[in-house]
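# Sequence and predicted model, in that order:
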Amino acid sequence: MAAPLLPPFIRKMQDQEPITNWAGNLIYGTTNIEYPSSIDAVQQLVKKYNKVKVLGTRHCFNTIADSKDRFISLRDMNKIIALDEKAQTITVEGGIKYGELAPWLNEKGYALHNLASLPHISVAGAITTATHGSGVKNGNLSSAVEALELVKADGSIVHLSRKDSDHFHAAVIGLGALGVITKVTLKVQPTYMMRQYVYEQLPLTQLRKNFDGIMSAGYSVSLFTDWTSDHINEVWIKSKVSDNAASPAQDFFGAKPATKNLHPIITLSAENCTEQLGVPGPWYERLPHFKMGFTPSSGKELQAEYFVPWSHAVDAIFAIQNMGKSISPHLFISEIRSIAADDLWLSPCYHQACASIHFTLKQETEEVMSLLPLIEKALEPFDAKPHWGKLFTMSAAKLTSLHSRLNDFKKVVSGYDPQRKFRNAFLERNLFA
């Protein structure tokens with residue numbers, strides 16, 4: 001209400017405050033940002049500007065979404081469009097967050113197959129960067145996409161579905177290169193209840209003997225470690241109530257059940273973590289690690305993550321374990337997860353199941369950027385691919401060698417955006433160099 005009373009120069013100063021990502025490690029290259037609320041408005045903006053990028057919920061740690069020219073934000077395009085109970089799909093606008101969609105969907109008796117650790121990310125942003133949860137039978141979040149609508153560089157609308165040509169498989173994980181994703185249709189399933197148990201101090205030797213059994217012990221399993229001992233710090237097992245006993249096993253491959261709720265970083269309060277100790281709850285209150293109602297304004301951290309083929313998972317984990325003394329001074333915690341294979345061209349799990357090794361690092365940019373090449377070198381024998389939205393130092397040539405369809409993807413991009421309207425420095429450096 002007071003805004004109209006502010007002098008124009010004060011309002012302009014407020015509008016020009018730098019835009020940062022969630023962690024605060026990145027200041028975006030422009031403060032020019034538009035907030036369309038309709039598909040028509042998106043089309044007009046795309047046609048109006050020569051260079052533009054879509055900015056999501058700003059949870060990426062690198063410059064994949066950056067622009068020095070202008071942003072479009074789909075913040076105001078966050079509506080639920082249609083629930084098709086016969087086809088078991090939900091169609092939503094691209095700007096909706098999983099934390100907004102999930103409770104509504106649950107009330108209607110449906111659920112998504114998986115969620116990421118944080119529920120505060122947008123659907124379009126998550127799928128275009130191959131964001132994921134965990135589970136040996138669960139693909140990343142983009143694997144639930146059945147169809148999408150996007151606005152191309154000339155302002156035209158294209159509709160793609162899983163039943164269409166290869167362009168669908170190129171566009172879902174599109175890195176923001178093909179256009180503005182305005183609508184997404186996701187596969188849903190009947191709702192389900194879950195419970196989670198946490199176990200402490202899993203001997204590392206058990207990974208050599210029983211890795212498959214450990215990672216398949218629940219619907220979603222995460223291992224947390226700081227690489228400083230011969231144990232995994234915590235094992236988080238999330239299971240459907242119908243599949244899981246009402247009390248935890250007293251011995252889980254040598255790990256013992258926690259007696260209180262825990263944070264992945266053992267020294268931090270578990271107040272904002274999802275309920276543990278086997279307390280039943282709906283899927284969307286158990287699959288994430290952090291509660292829907294807890295909205296982080298920032299996280300003073302850096303993140304990197306690498307995917308290795310499942311057959312190399314254990315060897316890759318021990319290769320990183322051998323680097324513990326170099327990594328741990330800069331680390332908050334690491335998480336190891338499983339992701340099923342999919343058929344999306346730029347997915348790290350294209351035609352192969354993977355394990356991911358995630359690093360939540362201290363916000364020591366210089367030290368971390370010096371550490372990442374060492375991690376990448378250690379993981380090189382295992383064909384490790386980086387997460388598109390997190391920090392990495394691999395060259396464009398290396399990424400091309402790892403992603404068998406990357407050259408095909410670039411041809412599709414050139415057809416959709418011949419004037420390079422959606423290109424930015426990240427895409428030029430990592431795909432087109």
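Good, I have the coordinates.
# okay, now the domains of the chain?
Listed domain ranges for the chain are 17-73, 80-191, 193-387 (source: automatic domain parsing).
# Now do the buried residues in stretch 36-48.
Neighbour counts over stretch 36-48 (16 or more other Cβ atoms under 10 Å) mark 36, 39, 42-43, 45-46 as buried. All C-beta spots, glycine's among them, are computed from the backbone N, C-alpha and C.
# Of the domains of the chain, flag the one that's most buried.
Mean neighbour count (mean count of other Cβ atoms under 10 Å) peaks for domain 80-191 among the domains of the chain, with a mean of 21.
# Endpoints of it, how far apart?
18 Å (Cα to Cα, to the nearest Å).
# what is the mean pLDDT for that domain?
Regarding domain 80-191, the rounded mean pLDDT is 96.
# And for stretch 318-325?
Rounded mean pLDDT across stretch 318-325 is 97.
# Strands along the stretch 201-350 of the chain, start to end?
Applying DSSP state E, counting those that start in this stretch to the stretch 201-350 of the chain gives strands spanning 220-225, 231-240, 256-257, 281-282, 301-309, 331-339.
# Just send those back as TSV, with mean pLDDT and distance to residue 173 too.
Shown next, in TSV, are the strands of the stretch 201-350 of the chain (pLDDT from 0 to 100; distance: least, Cβ to Cβ, whole Å):
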stretch	mean pLDDT	distance to residue 173
strand 220-225	98	21
strand 231-240	97	24
strand 256-257	98	37
strand 281-282	97	28
strand 301-309	97	13
strand 331-339	97	13
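# so which of those comes closest to residue 375?
Comparison of these against residue 375 by Cβ to Cβ identifies strand 301-309 as nearest, at 7.2 Å.
# wait, doesn't residue 227 sit right on residue 329?
No: between residue 227 and residue 329 there is no contact, the gap being 10.6 Å when judged by Cβ atoms under 8 Å.
# Now do the closest residue to residue 129 other than its chain neighbours, the pLDDT please.
When the adjacent residues along the chain are set aside, residue 129 lies closest to residue 389, with 3.9 Å between them (Cβ to Cβ, 6 or more residues apart in numbering). In the prediction, the pLDDT value recorded for residue 389 is 97.
# how close does residue 389 sit to residue 330?
Noted for residue 389: a distance of 20 Å to residue 330, by Cβ to Cβ, to the nearest Å.
# in the stretch 201-350 of the chain, which spans are helices?
205-215, 313-321, 324-327 (DSSP state H, counting those that start in this stretch).
# How about the stretch 1-150 of the chain?
8-15, 39-48, 98-107, 123-128.
# what would the ones you listed look like in JSON lines with distance to residue 82?
Shown next, in JSON lines, are those (distance: least, Cβ to Cβ, whole Å):
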{"stretch": "helix 8-15", "distance to residue 82": "36"}
{"stretch": "helix 39-48", "distance to residue 82": "15"}
{"stretch": "helix 98-107", "distance to residue 82": "12"}
{"stretch": "helix 123-128", "distance to residue 82": "14"}
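# quick one: which of these is nearest residue 258?
helix 98-107 (25.4 Å).
# by contact count, what packs against the closest one?
strand 80-84, strand 89-93, helix 123-128 (3 or more Cβ pairs under 8 Å, 6 or more residues apart in numbering; DSSP states H and E).
# got the contact list for the last one?
Under the criterion Cβ atoms under 8 Å, 6 or more residues apart in numbering, residues 54, 56-57, 59-60, 65, 74, 92, 94-98, 101, 116, 131, 141-142, 145, 148, 172-176, 181, 184, 186 lie in contact with helix 123-128.
# Of the strands of the stretch 201-350 of the chain, which is nearest residue 18?
strand 301-309 (18.4 Å).
# Now do the closest one: distance to the chain's middle.
Relative to its parent chain, strand 301-309 has a centroid offset of 11 Å by Cα atoms, centre = their mean, to the nearest Å.
# Now do the contacts for the residue nearest the centre of the chain.
Residue closest to the mean C-alpha point of the chain, counted by Cα atoms, centre = their mean, is residue 131 at 2.4 Å. Neighbour list for residue 131: 116, 121, 125, 140-142, 389 [criterion: Cβ under 8 Å, 6+ apart].
# just residue 313 next, same as before
Counted by Cβ under 8 Å, 6+ apart, residue 313 has contacts 211, 354-355.
# if I look at it, how far off is residue 128?
26 Å.
# for this protein, what's the longest helix?
Using DSSP state H to define each element, the chain has its longest helix at helix 365-379.
# Can you give the contact residues for the following helix or strand past that helix?
Next in sequence after helix 365-379, counting helices and strands by DSSP states H and E, comes strand 385-386. Counting by Cβ under 8 Å, 6+ apart, strand 385-386 makes contact with 304-308, 348, 376, 392, 394, 399, 402-403, all of which sit outside it.
# Fine, thanks again, bye for now.
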